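[1] Below are the sequence and a predicted model; questions follow.
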Amino acid sequence: MEVKILSENENPLLKRREVVFQVEHNQTGSTPPRLEVRNAIAKILKTDVSLVFIKKLETKTGTRKSVGLANVYDSLEHAKLIEPEYIVKRNMPPEKPKEEGKE
């Protein structure tokens with residue numbers, strides 16, 4: 001998986017950077033998981049993973065390239081005020097089901 005930043009805009013009013021990116025996934029073939037892309041973007045931008053929220057990730061038909069939009073916030077509190085709840089949930093790792101104790 002290879003991630004390339006296509007454009008990056010600073011939005012001082014919302015205290016975030018709006019990033020358009022492209023992912024080439026020739027090795028896997030399928031669209032990579034959102035969490036893997038999120039980690040790769042955080043590594044490229046040298047920021048904390050918890051501040052990166054991927055809004056859109058879509059694969060172009062017939063290719064092994066995906067284009068997406070991510071928002072990188074200055075603080076987690078500010079991100080939770082602005083981002084819709086479904087986007088925040090979508091960008092969090094899945095929780096493992098809790099096993100109930102057997103009696």
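    Okay, I see it.
[2] contacts and neighbour counts: CA atoms only from here.
    OK.
[3] Near Val19, how many other residues are there?
    Val19: 20 surrounding residues under other C-alpha atoms under 10 Å.
[4] so it, which of the three states?
    Using DSSP: H, G, I helix; E, B strand; the rest coil, the structure places Val19 in strand.
[5] again, but for Ile44
    For Ile44, the secondary-structure state derived from three-state DSSP is helix.
[6] most centrally placed residue in the protein?
    Of all residues in the chain, the one closest to the mean position by C-alpha atoms, centre = their mean is Ile54, 3.1 Å from it.
[7] Against Gly62, how distant is it?
    Counting by C-alpha to C-alpha, to the nearest Å, the separation of Ile54 from Gly62 is 23 Å.
[8] Ok, Leu14 next?
    Distance from Leu14 to Gly62, counting by C-alpha to C-alpha: 36 Å.
[9] cool, Val23 as well?
    On the measure of C-alpha to C-alpha, Val23 and Gly62 end up 14 Å apart.
[10] higher neighbour count, those two?
    Per other C-alpha under 10 Å, whichever of Val23 and Gly62 has more neighbours is Val23, with 22 against 6.
[11] tell me the secondary structure for that one?
    The three-state label given to Val23 by three-state DSSP is strand.
[12] could you pull out the strands for this protein?
    Taking DSSP state E as the test, the strands found in the chain are 2-11, 16-24, 52-59, 65-73.
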